[in-house]
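Peer 1: sequence and predicted model, in that order:
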Amino acid sequence: MIKNSFIFIIFGFILTSIIANAQDSLYFRQTIAKLSSAEFCGRGYAYKGDSIAAAFIADEFKNLGLHKWTPDYYQSFTINMNVFEGDALVYFGEKYSKVQLFENTQIMAYSCPMHGSFTVKEVKAKDIFNNKVNLSDNKNKGFILIDISRLNTKDSISKQIYNKVLETVTKNLLHAKGYILVSEKLLGWPVAYGRIKAEHVTVNVTKEYLKKKPKQIFLNLHSRHIENYQTQNVCGYIKGTEYPDSFFVFIAHYDHLGQFGKDYIFYGANDNASGTAFIMDLARHFSKAENQPKYSIAFLAVSCEEIGLEGSKYYVSNSLFPLSQIKTAINFDMVGTGENGITVVCGQVFPDEYNKLKSLNDEHHFLKEVKDRECSNNSDHYPFYSKGVQAFFIYGMGKSGRYHHKSDTLENMSLGGYTGLFQLITNYINLYNTK
Ligand SMILES: [Zn+2]
């Protein structure tokens, strides 16, 4: 009898905690699903994806009863940005099948609108490097094809040639209509290039797809360069019961690479719907009456990370309360995995605080591993760190879709460290609540 009821109690306890965890991860999962859905247009600037996301986050902050510094939780600022909102077609003559965007062909983010057929002339990368190209007869008429697929960027001369070609193409130093860059694999797609106002187009295509050099290229490309596009950080806070002027800060960038043309969406579930949903989940937890923190907690969902940390840079230059009042700032970027543990960037720079996280995990085994790293300039903690704030950046290790690719979806992501990370962070804040 006793044994059975004991088992029943244990079972009941386990069941309750499973339900509680399922409930928690449900909010996390649902919020990621929403943020990474097609209606948010990849949370970039085409179709105002960033604004759709910001409105959703601000609405949720309001529902949770977060305090605000501005009437709508927005901290607005402007950027210049090139967006692709219509057709984005490219053909290399009839014998080629339709290109697959971001699989075998991509159009660089600065590219201007262009319609029609253009001749293609090949120029050797080496000749560009040696300033041997004279195209005065070809000025502004056609496209220049440059094959960079053999430039092994590991050796220093190749690297120099590669860099010179990239500079020539980006700045259109040969005054062409556009460029076709043939590479082994597609180059990265820096959305930061969209900040450049260009008057040419660059098409990057894989060697495997473009086996023969084409004589013509056909384009139907709609793009639009917007000056002073208004975007926004979304900022709210919970007032500490004992030390309202002292803040913990949770940061996550909600922007992603956006949508390219009508069809291609970068969903960005791990990067960084996950971090955004995570800080919203923390806001949900700490805004409950029973979890009121002694110190204030600020929640900063920032924009423009993908174009060079612009949202967090803007924030630290225009902080809504003195940065000197921040005890610790933690940036969550790509926390949709975590079954293999987490890495704490800047952990090596602030060992005392890092060891609090590490010891909590050693004691409770929330996550498989908590690793530290030096400080690096790769996410939104960095502008805070460079202003003297004790700031960390946490990312998860585990299974997700491809980085900066449309396969970065909720379905492809494990969510394997969610519960552990949530417990680690809430327990970390509770260290200060019980003092
Ligand atoms: Zn990213």
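Peer 2: Perfect, I can see it now.

Peer 1: pull out the buried positions in stretch 76-95.
Peer 2: Neighbour counts using 16 or more other Cβ atoms under 10 Å place Phe77, Ile79, Met81, Asn82, Val83, Phe84, Glu85, Ala88, Leu89, Val90, Tyr91, Phe92 of stretch 76-95 among the buried residues. C-beta: built from backbone N, CA, C; applies to glycine.

Peer 1: do stretch 168-178 as well
Peer 2: Buried residues in stretch 168-178 (16+ other Cβ under 10 Å): Thr168, Val169, Thr170, Asn172, Leu174, Ala176, Lys177, Gly178.

Peer 1: can you pick out the ones from those residues that are in helices?
Peer 2: Judged by DSSP state H, those include Thr168, Val169, Thr170 as members of helices.

Peer 1: low-scoring stretches of the stretch 101-250 of the chain, by residue?
Peer 2: Scanning the stretch 101-250 of the chain with the threshold set as pLDDT under 70 gives 135-140, 153.

Peer 1: what ranges does it have for its helices?
Peer 2: 125-129, 156-170 (DSSP state H, counting those that start in this stretch).

Peer 1: nearest to His67, out of the ones you listed?
Peer 2: helix 156-170 (44.1 Å; Cβ to Cβ).

Peer 1: pLDDT of stretch 293-308, averaged?
Peer 2: Averaging pLDDT along stretch 293-308 yields 97.

Peer 1: returning to what we had before: for the buried residues of stretch 76-95, give me TSV that also has distance to His405 and secondary structure.
Peer 2: Shown next, in TSV, are the buried residues of stretch 76-95 (distance: Cβ to Cβ, whole Å; DSSP: H, G, I helix; E, B strand; the rest coil):
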residue	distance to His405	secondary structure
Phe77	28	strand
Ile79	24	strand
Met81	21	strand
Asn82	20	strand
Val83	19	strand
Phe84	17	coil
Glu85	21	coil
Ala88	17	strand
Leu89	21	strand
Val90	19	strand
Tyr91	23	strand
Phe92	23	coil
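
Peer 1: ok, now which ones touch Thr170?
Peer 2: Taking Cβ atoms under 8 Å, 6 or more residues apart in numbering, we find Thr170 in contact with Met108, Tyr110, Tyr193, Ile196, Ala198, Thr202.

Peer 1: who wins for neighbours among the residues you listed?
Peer 2: Counting neighbours by other Cβ atoms under 10 Å, Thr202 leads these with 25 neighbours.

Peer 1: so who does it touch?
Peer 2: By Cβ under 8 Å, 6+ apart, the contact list for Thr202 reads Ile107, Met108, Tyr110, Ser111, Val169, Thr170, Gly178, Tyr179, Ile180, Leu181.

Peer 1: any chance of the helices of the stretch 101-250 of the chain in CSV, plus distance to Gly188?
Peer 2: Shown next, in CSV, are the helices of the stretch 101-250 of the chain (distance: least, Cβ to Cβ, whole Å):
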stretch, distance to Gly188
helix 125-129, 19
helix 156-170, 11
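
Peer 1: longest strand in this protein, please.
Peer 2: Identified as the longest strand of the chain according to DSSP state E is strand 224-238.

Peer 1: show me where the stretch 301-435 of the chain has strands.
Peer 2: With DSSP state E, counting those that start in this stretch, the ranges of strands along the stretch 301-435 of the chain come out as 326-332, 342-345, 370-373, 391-396.

Peer 1: relative to Tyr428, which of those strands is closest?
Peer 2: Nearest to Tyr428, of the strands of the stretch 301-435 of the chain and by Cβ to Cβ, is strand 326-332 at 8.6 Å.

Peer 1: all helices for the stretch 301-435 of the chain, in order.
Peer 2: With DSSP H, counting those that start in this stretch applied, the stretch 301-435 of the chain shows helices at 310-317, 351-364, 381-386, 418-433, listed in chain order.
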